[in-house]
Every structure is written in C-alpha cells, then in structure tokens.
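S.K.: pasting a predicted model and its sequence here:
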Amino acid sequence: MLERSLMQTHGFRNIETHGTTTGFQLRVRLPSYRGMRLSLIDGVDVTVDGELFGHERNRLSLGGRTYSLAELREATDARWPLEEAAVVIVDKQGGLTPGVHEVELAVRLRQPYIPIEFQPSVISETRHATIVF
C-alpha cells in the first residue's frame, strides 16, 4: 500500500552493480489524483544534503522497465498507475554514506490542460531518510 507522502518510507538505499556502489534509489508515488501517461512526466530532481541531482540524468523505473528522461518523453503508450510506486534511480559513484540524510524530491509534471508558460508543475517534498548499510 502506498503512503500519503510523495517519498515513500521504504526503498531509500544504495545500488550495487557487480559489487560496486554506483548510486542510490528511492520510491515515490505519483502526485496526482489519477494515473498519468509517462510522456507527461518531465523527470524528478533529487537533492540530498544540498547536492542536486537533476532530472535530466535521473532515471525512473516503473512496471519492470527503466526510463531515461528522453525515453519518458517518448513513452506515449505507457502509464504510471495511481496505485503503483515508481523508483527514482540516481547515479552517484560510491552512493551515499550510511546515516540520516535530508532528501528533497521535485517531481516535474506536464499537464495538457495547463498553459505551456506555466509548465511543468513541480510537486516537491523534503524529509529525512536513512541509508542503512
């Protein structure tokens, strides 16, 4: 079951590839009242302890597939269901140190009924999260 918060409690952890820590990930829920086409998701900015990881480089994993920003923009046939959490994947060699971190998420959404000059809508949340290793 999804929590009310944008950033979910579970899923904040470092990522290892072939024995090397290559980044970190966190779970996020869709900040909307209904599902949305992935092509309308304009990425997710992540800031950890003041260090910004921009939406241009972060990836979004949903429904068993991982999307870059360019792939999200082309994914007109895929949807983010309201009841499913996505995983934001951030590349950071060595990952994050174990302990408590201040994490800010900023999910960027383009909504067809809002004029282009006011796009994207940015929904953000800041909270403390812990890396256990």
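M.R.: Arrived safely. Please read these numbers as outputs of a predicted model, since none were measured by experiment.
S.K.: alpha carbons only for contacts and neighbour counts from here, please
M.R.: Will do.
S.K.: what segments of this protein are helices?
M.R.: 69-74 (DSSP state H).
S.K.: where in it is pLDDT low?
M.R.: 1, 133 (pLDDT under 70).
S.K.: not counting its neighbours along the chain, what's nearest A106?
M.R.: S124 (4.1 Å; Cα to Cα, 6 or more residues apart in numbering).
S.K.: all strands for this structure, in order.
M.R.: 13-17, 20-28, 36-37, 41-48, 51-53, 59-62, 65-67, 79-80, 86-91, 99-109, 121-131 (DSSP state E).
S.K.: re earlier: wait, what's in contact with the residue nearest to A106?
M.R.: 6, 104-107 (Cα atoms under 8 Å, 6 or more residues apart in numbering).
S.K.: so it versus A75, what's the distance?
M.R.: The gap separating S124 from A75 is 23 Å, by Cα to Cα, to the nearest Å.
S.K.: please name the nearest non-neighbouring residue to the residue most central in space within the chain.
M.R.: The centroid of the chain falls nearest to V88 when counting by Cα atoms, centre = their mean (3.4 Å). Excluding its sequence neighbours, the residue lying closest to V88 (Cα to Cα, 6+ apart) is L60, at 4.7 Å.
S.K.: contact partners for the one you found?
M.R.: 43, 66-68, 86-89.
S.K.: before we move on, back to that, kindly provide the distance from the residue nearest to A106 to M36.
M.R.: 17 Å.
S.K.: now W80
M.R.: The value you get for W80 to M36, if Cα to Cα is used, is 5 Å.
S.K.: what's the answer for R13, then?
M.R.: 26 Å.
S.K.: same question for E102.
M.R.: Applying Cα to Cα to E102 and M36 gives a distance of 28 Å.
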